[in-house]
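Participant: Predicted model and sequence follow; I will ask about them next.
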Amino acid sequence: MALWDSATVVRNFEYVYRMKKVLIGNTLKDLPMSDTLGKPVSLYQTKSKYILVMIYDPNCHHCQETTKSW
């Protein structure tokens, strides 16, 4: 299965539509993160028009169901 098949795209649009009223415009706490080389980076220092933050627990059934096609 392709990473972004049509069913996945539709499901993601539906999820965003349901969640946007509670998420858009809110500021997330500055999270400790690392880049692909393991160097520490700040969420607030990341320069981008949009930033998607996905918090995932590999042992969480809900997380597994929500992201099963990723």
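Facilitator: Structure's in. What do you need? Numbering: from 1, shown residues only.

Participant: Now do the same contact list for the spatially most central residue of the chain.
Facilitator: Centroid check for the chain by C-alpha atoms, centre = their mean gives residue 54 as the closest residue, at 2.7 Å. By C-beta atoms under 8 Å, 6 or more residues apart in numbering, the contact list for residue 54 reads residue 67. (C-beta placed from N, C-alpha, C; glycine too.)

Participant: what separates it from residue 15, distance-wise?
Facilitator: 11 Å (C-beta to C-beta, to the nearest Å).

Participant: swap in residue 50?
Facilitator: Residue 50 is 16 Å from residue 15, where distance means C-beta to C-beta.

Participant: more crowded one of these two?
Facilitator: Taking other C-beta atoms under 10 Å, residue 50 and residue 15 do not tie; residue 15 has more neighbours (11 against 4).

Participant: any idea which helix or strand comes after the helix or strand where the more buried one lies?
Facilitator: In this assignment (DSSP states H and E), residue 15 forms part of helix 6-23. Next along the chain after helix 6-23, taking DSSP H and E as the criterion, comes strand 32-34.

Participant: right, and the helix or strand after that next one?
Facilitator: Downstream of strand 32-34, the first helix or strand assigned by DSSP H and E is strand 40-42.

Participant: quick one: average confidence on the next helix or strand after that next one?
Facilitator: As assigned by DSSP H and E, the chain's next helix or strand after strand 40-42 is helix 61-66. Across helix 61-66, the average pLDDT comes to 79.
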